[in-house]
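Colleague: Generate a structure from the sequence data that follows.
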Amino acid sequence: MAWEYKVVSIDSLIPEGGDHDIAVSKEASLNRKAKLSSSLEDNLNTLGTDGWELVSVFSEFGIFKKLAD
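Modeller: Residues are numbered from 1 along each chain as shown. The predicted model follows:
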């Protein structure tokens with residue numbers, strides 16, 4: 001059984017994360033976290049649909065694997 005690996009920066013998994021907004025209220029903070037969580041879920045689901053499985057997070061990178069063709 002052979003595996004294929006993909007290393008993805010966390011920044012690319014959460015593209016909206018680079019807005020540098022400062023949440024000044026609890027409500028704003030919760031809304032920002034919900035938005036970032038949704039973006040991360042969407043990107044992970046896209047990778048999963050393509051057969052990639054997240055196996056580890058190392059520093060600022062997600063490491064994915066899938067069976068090699």
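Colleague: Spit out the contact partners of the most centrally placed residue in the chain.
Modeller: With distances taken as C-alpha atoms, centre = their mean, residue 13 lies nearest the centre of the chain, 3.5 Å away. Residue 13 sits next to 39-40, 43-44, 62 when contact means C-beta atoms under 8 Å, 6 or more residues apart in numbering. Placement of C-beta: from N, CA and C, glycine included.
Colleague: would you say residue 24 is within a helix?
Modeller: No: counting by DSSP: H, G, I helix; E, B strand; the rest coil, residue 24 falls outside a helix, being coil.
Colleague: And the helices in the protein, which stretches?
Modeller: 10-13, 26-49 (DSSP state H).
Colleague: So which of the contacts of residue 13 sits lowest on pLDDT?
Modeller: Looking at the contacts of residue 13 by pLDDT, the weakest one is residue 39, with 87.
Colleague: Tell me where the model's unsure across the chain.
Modeller: 16-23 (pLDDT under 70).
Colleague: So residue 9 is in contact with residue 61, correct?
Modeller: Yes: using C-beta atoms under 8 Å, residue 9 is in contact with residue 61, at 5.8 Å.
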